[in-house]
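**Q** Sequence and predicted model, in that order:
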Amino acid sequence: MNLTDLARVHDDDLGDDPAGQASGAGARTLLTSIMSEPPGQGGRPRARRLRGPVPWLASAAGLAAAATLVVTVVVAPDGPVPNPSPTTASPGIQPSARQVLLAAASAVMKVPTSGAYWRTTTISGMDAISPDRGYVIRRRFSREEWLARRPGAQSWWISQYLGAKPLTDEDEAAWRKAGSPTEWRYPLDMTEYVGVNSSEVVRAAAEEKVATRLRGKWKGSGGTLAKERITWDEIRRIPSGERELRAYLEQRITAHAKGGGNDPEWRESALQGSCMEVFSLPVSPAVRASAYRILATFPKMTSLGKVKDPLGRTGEALGYQTRDSIRAGTNQIVMVIDPETGMPLSQSSTSTIGLADGRTVEVTGFWALRRMGWTDEKPSLPAKRD
């Protein structure tokens with residue numbers, strides 16, 4: 001079975017199969033076949049260790065926004081969050097990025113279409129350089145989103161800061177040499193730093209959960225698309241065909257562009273990001289499948305092999321590079337998906353920066369999904385509320 005045959009799996013093939021199963025008659029056969037094909041252009045050997053921020057994770061506000069861009073329908077166990085890492089290579093030829101994405105489009109998961117809330121739960125991480133530029137610390141956050149479907153019903157974000165600590169053993173040694181600080185105060189001039197805001201104070205200790213009532217323009221929103229909120233009515237009108245969805249996303253990107261909108265590289269990166277945002281929305285399996293097919297058209301997307309995502313789940317890693325909007329250089333973007341179920345598991349971005357002692361280190365931002373789907377449950381709200 002070749003890739004042309006897989007591309008002809010139509011949207012209506014994705015409609016009525018059980019959640020977690022390959023959608024449409026013969027889709028499982030297609031999946032098995034495509035994953036065993038020799039790779040086309042873009043196939044790569046197994047990747048190096050993967051760590052990484054998404055470009056919009058350059059600030060705490062960006063991190064909060066990025067936490068809305070994730071989707072899956074499984075629950076990961078609680079506990080420490082490991083760094084993404086390669087798994088042991090299995091025999092056979094590594095499929096190309098296009099093969100992985102088209103397989104995911106064929107196996108895209110169906111989620112229930114009824115419920116009072118659209119709920120997502122994510123873990124996010126962001127690396128920062130210490131104020132003395134001596135080592136790297138990693139901050140972690142969790143967030144639940146409870147978006148109410150019924151007009152007038154209250155929606156909530158439940159957030160928690162999970163603390164910060166040195167990233168590696170080498171960073172821990174430098175931290176101890178600096179006196180083992182439990183908080184880090186940053187200057188107004190952030191030219192030499194990443195992952196923090198001007199005059200920010202970062203603390204090592206975790207904090208209690210906080211519930212935030214969605215107000216103003218966020219009240220009644222069903223999520224974000226092209227970095228802007230989207231209403232429930234707009235979500236229902238998102239087209240499911242691949243060409244129609246691409247045109248819709250490009251139009252929305254243009255309408256909300258805040259600069260650089262005519263740069264082809266910027267537009268390509270924005271379209272990739274918007275496809276990822278689609279996965280977080282309460283859309284049909286057909287729309288999700290088309291978003292995967294759009295991603296499969298990007299020639300710069302490369303296969304990086306099987307890895308463990310930040311929650312320890314195994315998936316296929318796909319990578320591409322973007323320009324670093326803050327510093328000269330590039331960011332390596334890595335998304336991890338499960339092609340057998342069509343689930344995006346995580347996304348990360350890696351860039352490099354120099355420390356005061358001359359070392360060059362990687363800094364990372366990531367999100368990883370714990371849970372997504374419709375529910376009739378009500379949020380368990382903590383005592384602390386905004």
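**A** That came through fine.

**Q** got the residue ranges for the strands in the stretch 251-386 of the chain?
**A** 302-308, 314-323, 330-338, 343-354, 360-375 (DSSP state E, counting those that start in this stretch).

**Q** packing partners for the shortest one?
**A** Identification of packing neighbours for strand 302-308 by 3 or more C-beta pairs under 8 Å, 6 or more residues apart in numbering; DSSP states H and E yields strand 85-86, helix 97-106, strand 314-323. (Glycine included, C-beta is placed from N, CA and C.)

**Q** let's go with 6 Å and repeat that
**A** Using 3 or more C-beta pairs under 6 Å, 6 or more residues apart in numbering; DSSP states H and E, the elements in contact with strand 302-308 are strand 314-323.

**Q** Please apply the same query to the fourth one.
**A** Contacting strand 343-354 under the criterion 3+ C-beta pairs under 6 Å, 6+ apart are the following elements: strand 330-338, strand 360-375.

**Q** Ok, the longest one next?
**A** Secondary-structure packing of strand 360-375 (3+ C-beta pairs under 6 Å, 6+ apart): strand 117-129, strand 343-354.

**Q** the bottom helix or strand of the chain by mean pLDDT?
**A** Confidence across the helices and strands of the chain bottoms out at helix 60-66, with a mean of 35, counting by mean pLDDT, DSSP states H and E.

**Q** what residues are up against Glu183?
**A** By C-beta atoms under 6 Å, 6 or more residues apart in numbering, the contact list for Glu183 reads 201, 203.

**Q** Okay, and the beta partners of it?
**A** Arg203 (DSSP bridges).

**Q** That one and Leu318: what is the separation?
**A** 37 Å (C-beta to C-beta, to the nearest Å).

**Q** Check Gly222 too.
**A** 27 Å.

**Q** One more: Ala368?
**A** In terms of C-beta to C-beta, Ala368 sits 15 Å off from Leu318.

**Q** Kindly report the same for Gln99.
**A** Separation of Gln99 from Leu318 (C-beta to C-beta): 11 Å.

**Q** Please apply the same query to Tyr135.
**A** For Tyr135 relative to Leu318 (C-beta to C-beta), the value is 30 Å.

**Q** So for these two, which sits in the more crowded spot?
**A** The residue with more neighbours, out of Tyr135 and Leu318, is Leu318; 29 against 24, by other C-beta atoms under 10 Å.

**Q** quick one, what contacts the more buried one?
**A** Counted by C-beta under 6 Å, 6+ apart, Leu318 has contacts 97, 301, 335.

**Q** burial measure for Gly195, as a count.
**A** Gly195: 29 surrounding residues under other C-beta under 10 Å.

**Q** Over to it: give its phi and psi.
**A** Phi and psi for Gly195, reported as degrees, to the nearest 10, are phi 80, psi 10.

**Q** What separation do you get for it and Leu311?
**A** 21 Å.

**Q** do Leu188 as well
**A** Taken as C-beta to C-beta, the span from Leu188 to Leu311 is 36 Å.

**Q** Those two: which is more packed in?
**A** Legend: neighbour count by other C-beta under 10 Å for Leu188 and Leu311, higher for Leu311 (24 against 6).

**Q** I'd like to know how many residues surround the closest residue to Val201 other than its chain neighbours.
**A** In space, Val201 comes closest to Arg185 once its chain neighbours are excluded; the distance is 5.2 Å by C-beta to C-beta, 6 or more residues apart in numbering. When counting by other C-beta under 10 Å, one arrives at 10 neighbours for Arg185.

**Q** Go ahead and confirm Arg185 touches Ser199.
**A** No. Using C-beta atoms under 6 Å, Arg185 is not in contact with Ser199; the gap is 7.9 Å.

**Q** Just the buried positions in stretch 167-180, please.
**A** 167, 171, 174-175 (16 or more other C-beta atoms under 10 Å).

**Q** Narrow the residues you listed to those in helices?
**A** Of the buried residues of stretch 167-180, the ones assigned to helices by DSSP state H are 171, 174-175.

**Q** Now the residue nearest to Trp374 when sequence neighbours are not counted: phi and psi?
**A** Spatial nearest neighbour of Trp374, chain neighbours left out: Gly115 (2.9 Å); criterion: C-beta to C-beta, 6+ apart. Torsion angles at Gly115 (phi, psi; degrees, to the nearest 10) stand at phi 150, psi 160.

**Q** and the nearest residue to Ala356 once chain neighbours are set aside, how far is that from Trp218?
**A** Distance criterion C-beta to C-beta, 6+ apart; nearest residue to Ala356, sequence neighbours excluded, is Arg133 at 4.1 Å. Per C-beta to C-beta, Arg133 is found 37 Å from Trp218.
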